[in-house]
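Undergrad: can't give you the sequence, but here's the structure:
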C-alpha cells in the first residue's frame, strides 16, 4: 500500500525530528518519515511486524493501544502521525504525545464511508470537524480535510494537520 498523498504532502513540509507512527502496520508512512530524516518509532499491536522494522532501522514497539492503560504515557515527539486508526477513549492521550511546537498529522475514514464498504462502524468513522474540536485551543489547525475521494479507492477521508502551540 502506498503512502497517503495528503500525508505525504504535509510530511515534506516538516524538518526532521523525533516521530511516532501510531498503528503503523507494515510501515508505509514510517518508511517515508525515516527516508526524510526523521528518527521514527513505529507502534503496532502485531508482533509479526518486528522483523520488518528491524531491517529498516526504525524502532518498533509492539503495544496494545486499546488496553486498560495507555502504554505511551510521559513520552513526546516532534511529529505524531496516525493513519487509518481511531480509538476515541485515548484520543487525548494521543494528542498529548505531541511536544510543544510539534505537529499532529492524522488521517482516517469519515462518516459516509459506509457507502464504500469498510470501515462502516461509526466507532471508526470521524464526524466532520471532530478532530479539530477535540484538539481544542492547544493546537493551531494548519489543514483539515473531510471529503470523498476516488483514488486509490473510493472512500470518505477525514484528517487534520496541526501544530501544538501550548
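TA: Noted; the coordinates are in hand. Note that this is a predicted model, so its numbers are computed, not measured.

Undergrad: surely residue 30 and residue 58 touch.
TA: Yes: contact criterion CB atoms under 8 Å: residue 30 and residue 58 qualify, at 5.3 Å. C-beta: built from backbone N, CA, C; applies to glycine.

Undergrad: okay, and the common contacts of those two?
TA: Common contacts of residue 30 and residue 58 (CB atoms under 8 Å, 6 or more residues apart in numbering): 40, 42.

Undergrad: looking at the two, which is more packed in?
TA: residue 30 (28 against 21; other CB atoms under 10 Å).

Undergrad: helix/strand/coil for that one?
TA: Secondary structure, DSSP: H, G, I helix; E, B strand; the rest coil: residue 30 is helix.

Undergrad: please, which helix or strand holds residue 140?
TA: strand 139-149 (DSSP states H and E).

Undergrad: may I have the strands that pair with that strand, each with its orientation?
TA: strand 155-164 (antiparallel) (DSSP bridges).

Undergrad: how near is residue 95 to residue 80?
TA: Distance of residue 95 to residue 80, computed by CB to CB, to the nearest Å: 8 Å.

Undergrad: okay, and the common contacts of the two?
TA: Joint contacts of residue 95 and residue 80 (CB under 8 Å, 6+ apart) are residue 104.

Undergrad: now the lowest-mean-pLDDT helix or strand in the chain: buried residues?
TA: In the chain, no helix or strand scores lower on mean pLDDT, DSSP states H and E than helix 50-54, which sits at a mean of 89. Within helix 50-54, the residues that count as buried by 16 or more other CB atoms under 10 Å are 52-53.

Undergrad: where does residue 15 land in three-state SS?
TA: With three-state DSSP as the basis, residue 15 sits in coil.

Undergrad: then residue 42?
TA: Following three-state DSSP, we place residue 42 in the strand state.

Undergrad: starting at the chain centroid, how far to stretch 85-99?
TA: 9 Å (CA atoms, centre = their mean, to the nearest Å).

Undergrad: straight-line length of it, end to end?
TA: 21 Å (CA to CA, to the nearest Å).

Undergrad: thank you, goodbye.
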